[in-house]
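[1] Pasted the sequence and its predicted model underneath.
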Amino acid sequence: MLIVRMLFMRVLLVLALISLVLPVMPCRAQNGAVVTGLEVSNTAPDIKAVTRQILSGVPLQNGRAPDTPFMFRTLSGLAAVAQDRGLEGFYFSKRYLDDKFGPQLFVHQSQDYFGYIDYVLMRRADLTYDGRQLVSAVKARKDAVRRSRELNLALGAYIARLQRQYSALAPSQWALKSRIYQIFPRAYNLRGRRGEKSSEKTVFFRDFEEKDFAVIKAMGFDAVWPMGIYPVGLRGRTGSAGGSVYAIRDHEGINPELGTEADFRAFVAKAHSAGLKVLIDLVGNHTSQDSVLLDEDPSYYINMPAGGPKPEQAPANYFSHKTPDGWVWVRKAGYFCNRAELCSWDDVAQLDYSNPKLWEKQIQIARGLVQRFDVDGFRVDMAYQLLSAVYSRNWGLKLPPGEFLERLIGAVRELKPEAAFIAEAYDNQDELSSVGFDLFYNKSEWGRLEGHAGWYDAMASGSHIDVAAALERAAFLSWRRGGAGGLNFFGNHDEPAAEKVFGARLPAVAAATMFMPGAFLLYNGAEIGFDASVRGEEKTIPFSVPVSIDWAGGRQDSRRLYEKLFAEAAALRAELGDYYIRPLPQPELSGWAGYLLQSKDSPRLKKALIFNYTAGPVRVDLGPLKLEGFSFAGTLEVGGYRLLAPVVKNNSGGR
């Protein structure tokens, strides 16, 4: 009887796996609802929302996540936290730990595994019957190690189906693999980019042509982000170049120096014709100090009635503003520049999100930009500062119920479901994912339980611990589909030149970043090593002084590097199609790192990347790793990397 039961359970598992790995073919229930990976109940729930919750956790409640990621523990007391809440974070981290240490180290947690999965799936028991049956079949296994391995197989197949289902319902996921070229129109020098000698002034949006987009497309990009498209305020303006483009006077207008609204509409249409998406900034945290919003309604801002005999003289961190009803003191915008200190920017005003009217106004602005210009999404400036819990901490204000960012994203996607949202964020990644962002900056993340795992900062530091954590995190973010991915970069408009940050290490860091399957960002001028930084403003194109990119200048070594990397990255995508990466284990303090790249559609198609992230040469020997098909033993110089193809054995057994 026991043998019969075991055979029955094995057949059940195999049949379940077969049904899960088959291509998703939507069918329709009698009530017309689409059925894919989840069952359909009589209430016809939002399958997209339910799938996302199962994969990456339930939405924030009162500004906070209602649960925490799974914690893996060894018998000796060591612990590792899953990459995220939900099945994706649990499964990815379990597989990573099993591959690195072997399943034996954690098998004592077997009952915890099944308890956690049951907890996730029982949130919507009416929709997850097939998944629970599949896991139940595995749970009956007596051998703990075998049970752990079969759980990986079963759960992986179930998650893959849910991921395909979610991606089919979430058209904004084009952003997860986007290659974004960031343009600073004020400094772009369109004629210089074309190689023209004429000194005749161009109007950026009016004169940008499809041939100019073709140059960007040829480098392998599929989206552009023109930065600084709005009119800049005059009050508090600093420098001689036109001020910070994030001190915006009119969030609904186009800077007249760049063209008219019709010119920008034509710019977007030309980009679309060239096969490129267009992203623009959405700056919701602050405005210029002479913003049209301040004249429209001072209650949009944190302010207080002016006092004293000289109301026009505001106290520190405030500026004075005269309204028809008298003077008010308006708070300058700020952020926590360290964990304990709230710092201010001197040229911008802080918006007040305790005012529900501001929520509606900002949503109206964002929807209007989509309607008028047909943009494909937004890079949301300082997005993490707009999370309810963070904003309340910063300013000591009670916000309306819910999350402003979730409302904003939902309202825009009612108009354009494929609209993508990218968060400028240096913390609170999981919360930003929960409210609906497609991408967040993969730079730094100090709030995670396992410690810092940001890609840019880890590569800049060269710390073995940080690099290992960042590589694992980047692999997860580029694989998951139920939550936000990471936007990877080794430079943008806020950072110093990559040549300064990474020095001779740059080729390895750039290759490791550009070859990952997730989203990638490059700032204009980086491809030629352009750097016009000034003392006190280390970014490559300062806001404080006039700059025009010298496309005939730059650095020859940078030109050669990027030409090589663009070609290699394009060849990888052409050969592997949709692929994922898996970090390679390496000895402690080895000085090198790497990952396998494997096609999702053709698993036999794969590559391996190894790179030296340190300031000295390192010895690499892949032999002890026993990587099937890959072999390398030698030295990687500073900045060295190798993109390895599998070794093909001939029929005689030789190589």
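    Cool, the structure landed.
[2] Check what pLDDT the closest residue to residue 282 other than its chain neighbours gets.
    Of all residues not flanking residue 282 in the chain, residue 378 sits nearest, at 3.9 Å (Cβ to Cβ, 6 or more residues apart in numbering). Every C-beta, even on glycine, is put in place using the N, C-alpha and C of the backbone. Listed pLDDT for residue 378 reads 98.
[3] isn't residue 378 right up against residue 281?
    Yes: shown here, residue 378 and residue 281 form a contact pair, counting by Cβ atoms under 8 Å, at 7.0 Å.
[4] the more surrounded of these two?
    The residue with more neighbours, out of residue 378 and residue 281, is residue 378; 26 against 22, by other Cβ atoms under 10 Å.
[5] Let's see the helix or strand where that one lies as CSV, backbone CA atoms only.
    Residue 378 belongs to strand 377-380 when assigned by DSSP states H and E. What follows is strand 377-380, C-alpha atoms only, in CSV (Å, rounded to 0.1, in the frame of the first residue of the first chain):
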residue,chain,number,x,y,z
GLY,A,377,6.5,56.6,-18.6
PHE,A,378,8.2,58.5,-15.8
ARG,A,379,11.4,58.6,-13.8
VAL,A,380,10.1,59.8,-10.5
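[6] Okay, now the sheet partners of it, with direction.
    Take DSSP bridges as the rule and strand 377-380 pairs in its sheet with strand 277-282 (parallel), strand 420-423 (parallel).
[7] Now whichever helix or strand comes after the shortest one: average pLDDT?
    Spelled out, it's strand 420-423. Next helix or strand after strand 420-423 toward the C-terminus (DSSP H and E): helix 429-434. For helix 429-434, mean pLDDT is 94.
[8] roughly how far out does helix 429-434 sit from the chain middle?
    In this view, helix 429-434 has its centroid 10 Å away from the chain centroid, taken as Cα atoms, centre = their mean, to the nearest Å.
[9] helices or strands next to the helix or strand just after it in the packing?
    Note on helix 429-434: by DSSP H and E, the next helix or strand toward the C-terminus is strand 439-441. In terms of contacts (3 or more Cβ pairs under 8 Å, 6 or more residues apart in numbering; DSSP states H and E), strand 439-441 is packed against strand 420-423, helix 429-434, strand 485-488.
[10] Return the set of buried residues in the strand holding residue 378.
    377-380 (16 or more other Cβ atoms under 10 Å).
[11] just to confirm, which helix or strand has residue 596 in it?
    Here residue 596 sits within strand 592-599, counting by DSSP H and E.
[12] and of the helices and strands packed on strand 439-441, who's closest to residue 367?
    strand 420-423 (13.3 Å; Cβ to Cβ).
[13] For the closest one, give me every contacting residue.
    With contacts defined as Cβ atoms under 8 Å, 6 or more residues apart in numbering, strand 420-423 is touched by 172, 174-175, 178, 277, 279, 376-380, 383-384, 409, 412, 432, 436-441, 484, 487.
[14] before we move on, what about stretch 532-551?
    Residues outside stretch 532-551 that contact it (Cβ under 8 Å, 6+ apart) are 184, 187-189, 192-193, 195, 238-245, 491, 493-497, 500, 523-526, 528, 530-531.
[15] about what we covered before: mind putting the buried residues of strand 377-380 into CSV with distance to residue 151?
    Listed next are these as CSV, based on distance: Cβ to Cβ, whole Å:
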residue, distance to residue 151
377, 37
378, 40
379, 39
380, 38
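[16] Closest one of the residues you listed to residue 261?
    residue 378 (17.5 Å).
[17] Check the gap between that closest one and residue 61 for me.
    For residue 378, the distance to residue 61 equals 25 Å [Cβ to Cβ, to the nearest Å].
[18] got it, and residue 621?
    Distance from residue 621 to residue 61, by Cβ to Cβ: 50 Å.
[19] Name all residues that make contact with the residue nearest to residue 282.
    By Cβ under 8 Å, 6+ apart, the contact set of residue 378 is 279-282, 366, 369, 412, 419-422.
[20] Could you export the longest strand along the chain as CSV, CA atoms only?
    In the chain, taking DSSP state E as the definition, the longest strand is strand 326-336. Provided in CSV are the C-alpha atoms of strand 326-336 (Å, rounded to 0.1, in the frame of the first residue of the first chain):
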residue,chain,number,x,y,z
GLY,A,326,-0.7,88.3,3.3
TRP,A,327,2.8,86.8,3.8
VAL,A,328,3.5,83.2,4.5
TRP,A,329,6.8,81.4,5.1
VAL,A,330,7.3,78.4,2.9
ARG,A,331,9.5,75.5,3.8
LYS,A,332,12.5,74.8,1.5
ALA,A,333,12.6,71.3,0.2
GLY,A,334,14.7,68.8,2.1
TYR,A,335,15.8,65.2,2.5
PHE,A,336,17.7,63.2,5.1
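[21] For the spatially closest residue to residue 400 that is not a sequence neighbour, the count of nearby residues, please.
    Nearest non-adjacent residue to residue 400, counting by Cβ to Cβ, 6+ apart: residue 356, 5.0 Å away. Around residue 356 there are 12 other residues, counting by other Cβ under 10 Å.
[22] Which pLDDT value belongs to residue 356?
    For residue 356, the model assigns a pLDDT of 98.
[23] wait, doesn't it sit right on residue 401?
    No: with contact defined as Cβ under 8 Å, residue 356 does not reach residue 401; the gap is 9.9 Å.
[24] Mind splitting the chain into its structural domains?
    Residue ranges for the domains of the chain, per automatic domain parsing: 2-169, 173-575, 579-644.
[25] among those, which is the most enclosed?
    Mean neighbour count (mean count of other Cβ atoms under 10 Å) peaks for domain 173-575 among these, with a mean of 19.
[26] now do the same end-to-end measure for it.
    Terminal residues of domain 173-575 are spaced 22 Å apart (Cα to Cα, to the nearest Å).
[27] cool, stretch 195-205 as well?
    Stretch 195-205: ends 18 Å apart by Cα to Cα.
[28] What about residue 202? Give its phi and psi, please.
    Main-chain torsions, residue 202, degrees, to the nearest 10: phi -100, psi 150.
[29] The chain should start at 49 in everything you say after this.
    Okay, using 49 as the starting number, the last item reads as residue 250.
[30] downstream neighbour of the longest helix seen in the chain in the secondary structure list?
    When the chain is parsed with DSSP state H, its longest helix is helix 192-217. Downstream of helix 192-217, the first helix or strand assigned by DSSP H and E is strand 227-231.
[31] what comes into contact with that following strand?
    Contacts of strand 227-231 with the rest of the structure, by Cβ under 8 Å, 6+ apart, involve 264, 267-275, 327, 535, 540-541, 567-572.
[32] now it against strand 325-330, angle please.
    50 degrees (axes from the mean of the first three to the mean of the last three Cα atoms, to 10 degrees).
[33] State the pLDDT value of residue 382.
    So residue 382 comes in at 88 (pLDDT).
[34] residue ranges with poor pLDDT in this structure?
    49-93, 386-387, 498-499, 697-703 (pLDDT under 70).
[35] I'd assumed residue 541 was in contact with residue 570.
    No: at 11.1 Å, residue 570 and residue 541 do not qualify as touching, with contact defined as Cβ under 8 Å.
[36] At which residues are the helices of the stretch 149-298 of the chain located?
    Ranges of helices in the stretch 149-298 of the chain, per DSSP state H, counting those that start in this stretch, are 158-169, 177-187, 192-217, 238-242, 252-255, 258-266.
[37] Output these in JSON lines; the columns should cover distance to residue 648.
    Output for the helices of the stretch 149-298 of the chain, formatted as JSON lines (distance: least, Cβ to Cβ, whole Å):
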{"stretch": "helix 158-169", "distance to residue 648": "23"}
{"stretch": "helix 177-187", "distance to residue 648": "21"}
{"stretch": "helix 192-217", "distance to residue 648": "9"}
{"stretch": "helix 238-242", "distance to residue 648": "36"}
{"stretch": "helix 252-255", "distance to residue 648": "38"}
{"stretch": "helix 258-266", "distance to residue 648": "25"}
